[in-house]
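Asker: sequence? don't have it. structure:
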């Protein structure tokens with residue numbers, strides 16, 4: 001890397017003068033180039049006023065700053081985008097900082113900004129995911145991810161101006177990691193530049209800056225959400241970080257490799273290390289052990305993950321392997337994987353994983369085992385993390401031919417230290433964000449197979465220690481666990497995984513209404529479509545009151 005890492009909380013804005021000029025080059029946009037443009041008015045505050053577009057959509061590209069390529073498309077009301085009809089709006093597709101990288105490839109920071117004809121005064125940044133490299137439709141998913149997560153509307157349809165970005169490179173592989181500037185852009189710079197640029201264009205389009213600004217993302221987008229309270233605390237009033245990849249550039253990548261090696265010891269064909277029947281067997285056993293801890297044997301474990309102690313050894317075969325038991329090798333692999341990676345001294349290198357019913361979810365298999373019937377695995381932990389992002393982006397210098405199955409847990413972690421220092425978002429120094437009234441929601445599926453929910457619990461506990469204790473922290477940050485949910489919302493697992501993180505966040509920021517519960521519902525692919533449950537702020541958990549309908553959130557209290 002050609003820049004020394006900076007402590008995340010101190011690095012408020014790491015834009016170079018050239019970058020600022022590219023993002024904010026015209027005088028007419030300069031008024032929004034001092035950061036967020038938001039004042040420090042404490043919450044609660046009056047809701048934003050509605051404003052119509054003050055500038056014709058087709059005229060906006062001519063007012064872009066020098067060095068920016070901008071195109072505009074007017075979209076009529078009722079046009080279906082992302083599977084849902086959208087309001088009348090203007091789409092701005094832009095490119096900034098176009099250059100040739102050290103690897104000889106062309107790069108730019110791409111973005112899409114959608115401006116509703118009737119604007120509610122709010123701005124939302126829609127986070128990305130994976131290696132990024134594509135500009136997703138900026139529709140404003142309410143829980144992160146690349147879709148509306150099963151919900152029928154998004155922030156754009158509610159009147160928000162919404163932006164998305166490719167993270168400063170093009171293409172979904174991590175090959176951009178061969179270019180030092182692309183690594184910096186993906187770590188933090190692209191999100192800084194796009195935020196400033198989007199607010200500038202909003203100011204131009206409507207004649208005023210956003211009243212309130214929000215960031216919602218999942219996975220990599222959750223990491224990006226956490227970036228702002230730590231590095232740029234004055235940019236957003238509220239962030240919703242779903243399944244945040246806060247340690248992906250080091251610890252979580254090690255955990256991915258640890259699991260691949262653990263299950264690879266069972267079978268050279270990774271997908272066959274555990275059959276679907278085996279995973280269902282484990283899921284049922286965990287349910288039998290922990291399901292009733294919340295007062296309802298309903299297929300969902302609402303207890304604090306730490307309360308669900310389970311040992312897969314209870315399923316070990318005493319004779320030949322059958323569908324009702326696991327081999328000794330399978331038990332060993334499960335215990336190693338769920339225990340988290342360790343070095344030769346037995347020191348933990350990442351969090352352990354909660355035992356939960358969602359181990360039988362399709363997305364758990366997609367990440368951990370895959371479906372390939374050959375010795376070339378297609379598990380996402382192998383293809384997306386170990387063989388791609390770790391080799392090409394997280395290692396410094398990149399190591400395209402590194403054999404991840406020979407990862408040395410004593411020496412190889414140091415190869416990720418330099419990049420993790422600027423990419424991971426683990427700092428609890430968020431006092432500046434808190435003091436200006438910022439609010440933070442963290443939501444994590446208990447059966448997430450790529451980023452452990454225990455790691456989000458650990459972060460939240462560290463946040464409490466750093467920010468004055470549990471009660472002081474609850475005033476600006478809350479963690480919600482989703483039992484049974486795999487990675488990101490609507491991704492499989494027996495859970496109520498359809499939820500809206502944005503609406504309660506807005507109510508908290510603008511009305512001072514702290515979200516004491518978020519109601520989530522079960523999708524059509526679950527055993528109980530339409531079932532609702534409350535997501536409770538950690539360490540509270542949902543408990544059945546013993547009398548009401550078992551499928552209704554109203555029958556559960558948070559305690």
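Answerer: Thanks, I have the structure now. This is a predicted model, so every value here is computed, not measured.

Asker: could you use CA atoms for every contact and neighbour count after this?
Answerer: Fine.

Asker: for the stretch 151-300 of the chain, which segments count as strands?
Answerer: Taking DSSP state E, counting those that start in this stretch, the strands of the stretch 151-300 of the chain run over residues 161-165, 212-218, 238-242.

Asker: mean neighbour count, those: which tops it?
Answerer: Mean neighbour count, computed with mean count of other C-alpha atoms under 10 Å, is highest for strand 238-242 among those, reaching a mean of 31.

Asker: the lengthiest helix in the chain vs strand 161-165, what angle?
Answerer: The longest helix of the chain (DSSP state H) is helix 190-206. Put simply, helix 190-206 runs at 150 degrees to strand 161-165, going by axes from the mean of the first three to the mean of the last three C-alpha atoms, to 10 degrees.

Asker: any stretches of the protein with poor pLDDT?
Answerer: Under the criterion pLDDT under 70, the flagged ranges of the chain are 1-47, 144-152, 490-491.

Asker: centroid-wise, who is the farthest residue in it?
Answerer: Centroid-distance maximum for the chain: residue 319 at 43.4 Å, with C-alpha atoms, centre = their mean.

Asker: need the helices for the stretch 251-400 of the chain, in chain order.
Answerer: Ranges of helices in the stretch 251-400 of the chain, per DSSP state H, counting those that start in this stretch, are 251-264, 276-290, 328-339, 362-368, 380.

Asker: elements contacting the longest helix of the chain?
Answerer: Secondary-structure packing of helix 190-206 (3 or more C-alpha pairs under 8 Å, 6 or more residues apart in numbering; DSSP states H and E): helix 17-24, strand 106-116, strand 161-165.

Asker: mind putting the strands of the stretch 151-300 of the chain into TSV with distance to residue 83?
Answerer: Converted to TSV, the strands of the stretch 151-300 of the chain look like this (distance: least, C-alpha to C-alpha, whole Å):
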stretch	distance to residue 83
strand 161-165	17
strand 212-218	19
strand 238-242	22
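
Asker: quick one: which of those is nearest residue 505?
Answerer: Residue 505 lies closest to strand 238-242 among those, at 6.5 Å (C-alpha to C-alpha).

Asker: point out the other helices and strands that the closest one packs with.
Answerer: Counting contacts by 3+ C-alpha pairs under 8 Å, 6+ apart, strand 238-242 packs against strand 212-218, helix 220-231, strand 439-445, helix 502-511.

Asker: residue 378 is nearest to which of the ones you listed?
Answerer: Of all the helices and strands packed on strand 238-242, helix 220-231 comes closest under C-alpha to C-alpha, at 20.0 Å.

Asker: how about residue 344, nearest residue that isn't a chain neighbour?
Answerer: In space, and not counting its chain neighbours, residue 344 is closest to residue 410: 6.5 Å by C-alpha to C-alpha, 6 or more residues apart in numbering.

Asker: ranges for the helices of the stretch 451-559 of the chain?
Answerer: Using DSSP H, counting those that start in this stretch, helices in the stretch 451-559 of the chain cover 453-466, 470-474, 502-511.

Asker: can you add mean neighbour count and distance to residue 60 and give those back as a markdown table?
Answerer: Shown next, in a markdown table, are the helices of the stretch 451-559 of the chain (neighbours: other C-alpha atoms under 10 Å; distance: least, C-alpha to C-alpha, whole Å):
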| stretch | mean neighbour count | distance to residue 60 |
| --- | --- | --- |
| helix 453-466 | 19 | 41 |
| helix 470-474 | 16 | 42 |
| helix 502-511 | 20 | 28 |
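
Asker: redo the ones you listed as a markdown table? Include distance to residue 426.
Answerer: Formatted as a markdown table, these follow (distance: least, C-alpha to C-alpha, whole Å):
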| stretch | distance to residue 426 |
| --- | --- |
| helix 453-466 | 7 |
| helix 470-474 | 16 |
| helix 502-511 | 21 |
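
Asker: how about those, which one is nearest residue 70?
Answerer: Closest approach to residue 70 among the helices of the stretch 451-559 of the chain (C-alpha to C-alpha): helix 502-511, 28.5 Å.

Asker: what angle separates that closest one from strand 212-218?
Answerer: 150 degrees.

Asker: tell me which of the helices of the stretch 451-559 of the chain sits nearest to residue 51.
Answerer: When those are compared by C-alpha to C-alpha, helix 502-511 sits nearest residue 51, at 17.8 Å.

Asker: buried set for stretch 400-420?
Answerer: Buried residues in stretch 400-420, defined by neighbour count with 16 or more other C-alpha atoms under 10 Å: 400, 404, 407, 409, 413, 415-420.

Asker: just put these in CSV and tack on secondary structure and distance to residue 551.
Answerer: Output for those, formatted as CSV (DSSP: H, G, I helix; E, B strand; the rest coil; distance: C-alpha to C-alpha, whole Å):
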residue, secondary structure, distance to residue 551
400, coil, 50
404, helix, 45
407, coil, 46
409, coil, 45
413, helix, 46
415, helix, 49
416, helix, 46
417, helix, 47
418, helix, 48
419, helix, 46
420, helix, 43
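
Asker: and residue 113, how far from residue 213?
Answerer: Relative to residue 213, residue 113 is positioned 14 Å away (C-alpha to C-alpha, to the nearest Å).

Asker: please apply the same query to residue 222.
Answerer: Distance, residue 222 to residue 213, by C-alpha to C-alpha: 16 Å.

Asker: same question for residue 480.
Answerer: Distance, residue 480 to residue 213, by C-alpha to C-alpha: 22 Å.

Asker: to residue 236, which of the helices of the stretch 451-559 of the chain lies closest?
Answerer: Here helix 502-511 is closest among the helices of the stretch 451-559 of the chain (C-alpha to C-alpha), at 10.5 Å.
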